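Asks: generate a structure from the sequence data that follows.
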Amino acid sequence: MRVVVTGAASGIGLAVIQKFLEEGHTVFGIDIESATYAHPNYKHFVADVRGPLPDIENVDILINNAGVQNSGADIDINLKGLINCTEKYGVQPKISSIVNIAASSAHTGADFPEYCASKGGVLAYTVNVAKRIAKYGATCNSLSFGGVLTDLNDCVMNDPVKWKQIMDMTPLKRWTTAKECAIWIYFMAMVNQSCSGQDIVIDNLESFNHTFVWKD
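Replies: Numbers count the residues shown, from 1 in each chain. Coordinates of the predicted model:
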């Protein structure tokens, strides 16, 4: 399979490209940062998801992972950028699966306002795309992760007081790893055939409390 992954230089995106490469696929990564990983079956493009985008032919799988938080451009990148990538690479006869990365805060509203709005838009757009690519026998779903152990969250992960607050409100007392996220994404893209137009929340039950903890 020919797989496109956005936000591929670090965090969840990096774990995803490694997972697909381990499984023998050809992977194309897109990120505003340079490549941080090398492999014979991996090609990296330095580009902004808002465009212009590189020409990549015969895309089988699209993983829309690129995103920012509280940047002043959350809607432009998280939603409009995702739409830009999907319309270019995903809505076409060769496509087999699209996986969009949303967020648990799309359901709870427990995050920065523009971030919540951008991810909520991803949920609605996922259904729209699922309906349009069903004629190709393809699926489109979103995954809403809660807290993930990546550098993006260092400011609370390394603050003992904030981290205790987070763990106190998280019933399973853990955050998801990037590797676990990659396994979920791989499953939805490669194993799943019948689930489409859906969102799955993977957040260690933190959304049960609807509380947002961040640095002051």
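
Asks: residue with max distance from the center of this structure?
Replies: Farthest-out residue of the chain from its mean C-alpha position, per CA atoms, centre = their mean: V161, at 28.1 Å.

Asks: how far away is it from V213?
Replies: Remark: distance between V161 and V213 (CB to CB, to the nearest Å) = 10 Å. C-betas here are computed from N, CA, C, even on glycine.

Asks: what's the neighbour count on A178?
Replies: 20 (other CB atoms under 10 Å).

Asks: which one's the longest helix in the chain?
Replies: helix 113-133 (DSSP state H).

Asks: what mean pLDDT does the helix or strand following that helix have?
Replies: Next along the chain after helix 113-133, taking DSSP states H and E as the criterion, comes strand 139-145. For strand 139-145, the mean per-residue pLDDT is 98.

Asks: chain center to the next helix or strand after strand 139-145, what's the gap?
Replies: Following strand 139-145 in sequence order, the next helix or strand is strand 148-149 (DSSP H and E). Put simply, strand 148-149 sits 13 Å off its chain's centre (CA atoms, centre = their mean, to the nearest Å).

Asks: likewise for stretch 147-165?
Replies: That offset, for stretch 147-165, works out to 19 Å (CA atoms, centre = their mean).

Asks: endpoints of it, how far apart?
Replies: 13 Å (CA to CA, to the nearest Å).

Asks: give me the low-pLDDT residue ranges for the chain?
Replies: 210 (pLDDT under 70).

Asks: tell me where it has strands.
Replies: Using DSSP state E, the strands found in the chain span residues 2-6, 26-31, 42-46, 61-64, 97-101, 139-145, 148-149, 176-177, 199-202.

Asks: angle of the fifth one against strand 139-145?
Replies: If you take axes from the mean of the first three to the mean of the last three CA atoms, to 10 degrees, strand 97-101 sits at 20 degrees to strand 139-145.
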